[in-house]
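K.L.:
Let's see this in three dimensions:
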Amino acid sequence: MTTLRLEDLKQYSDVVRTRQGEALNVRFVEPRDTDELQHYFRSLSTRSRYNRFFGAISELPYGLLRDFLQVGERERFTVIATKMVDGFETIVAEARYALHAETPTLEFGLSVNDRWQGHGIATALMKNLECRAAALGAEHMVGDTLRSNESMISLARKSGFAFVTHPDDWKLVRFDKEIHVAPKDIPCASWRLAALSRQADSPSASV
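P.N.:
Predicted coordinates:
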């Protein structure tokens, strides 16, 4: 499967909207976001952090923080959703996804700041991830969550995911969705262009 080069991917950012119509910028995380990203995770409630990482942490350990900031390393990517709050760009949600080219599957996890939950941000971010998955050539999106995480289970169900038994941990549930979107039909304009570019560069395009 032909994928886009990281330098090509970095040019893409998106605007998504909350249920109230507020604009959020979704972009790849950058080194300059280090302090703000750590502040974001520290500001999550204990329950939200537990749901996101399946364990009790108060902040991102150094190694995990480094992983979050290494966009493109081992086909892993971190995006943040930001909005202007009191004149400052503020992270209100984040998502981390990995492309498993051999499957081909895009695995993801996400969180939304407690203050902004209930605004439709997770739904908008999920739709954006579907665009990214299609642009990268993934045929499935898959995620894991705790059986007790009713909000994430509800979001996945409303987004059209099917639920399967987790193969490794009884405390988790896995949700999966097939991605059948042709490059020209991807609803996110930036990722539609990215997919068409990938398609044009594919060796089969010249056959």
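K.L.:
With Thr34 as the reference, measure out to Phe161.
P.N.:
Remark: distance between Phe161 and Thr34 (CB to CB, to the nearest Å) = 32 Å. Backbone N, C-alpha and C define where each C-beta goes, glycine included.
K.L.:
ok, these two, which is more surrounded?
P.N.:
The neighbour comparison of Phe161 against Thr34 (other CB atoms under 10 Å) goes to Phe161, with 19 against 15.
K.L.:
Can you pull the poorly scored residue ranges out of this protein?
P.N.:
Residue ranges of the chain with pLDDT under 70: 1-12, 202-207.
K.L.:
okay, which residue is most central for it?
P.N.:
Ala95 (3.5 Å; CA atoms, centre = their mean).
K.L.:
Distance check, that residue against Asn128.
P.N.:
Going from Ala95 to Asn128 by CB to CB gives 8 Å.
K.L.:
list the residues that contact both of these two?
P.N.:
Residues touching both Ala95 and Asn128 by CB atoms under 8 Å, 6 or more residues apart in numbering: Val79.
K.L.:
The closest residue to Glu22 other than its chain neighbours bridge partners, please.
P.N.:
With sequence-adjacent residues excluded and distances taken as CB to CB, 6 or more residues apart in numbering, Glu22 is closest to Lys83, at 6.6 Å. As for beta bridges, Lys83 partners with Thr90 under DSSP bridges.
K.L.:
Now for Arg132: which residues touch it?
P.N.:
Arg132 neighbours (CB under 8 Å, 6+ apart): Phe77, Tyr97, Leu106, Cys188, Trp191.
K.L.:
What residues sit buried inside the strand or helix carrying it?
P.N.:
Using DSSP states H and E, the element containing Arg132 is helix 121-135. By neighbour count on 16 or more other CB atoms under 10 Å, the buried set for helix 121-135 is 121-126, 128-135.
K.L.:
quick one: which of those residues is nearest to Arg115?
P.N.:
Ile121 (10.6 Å; CB to CB).
K.L.:
Verify the contact between that closest one and Ile91 for me.
P.N.:
No: if you go by CB atoms under 8 Å, Ile121 and Ile91 don't touch, sitting 11.3 Å apart.
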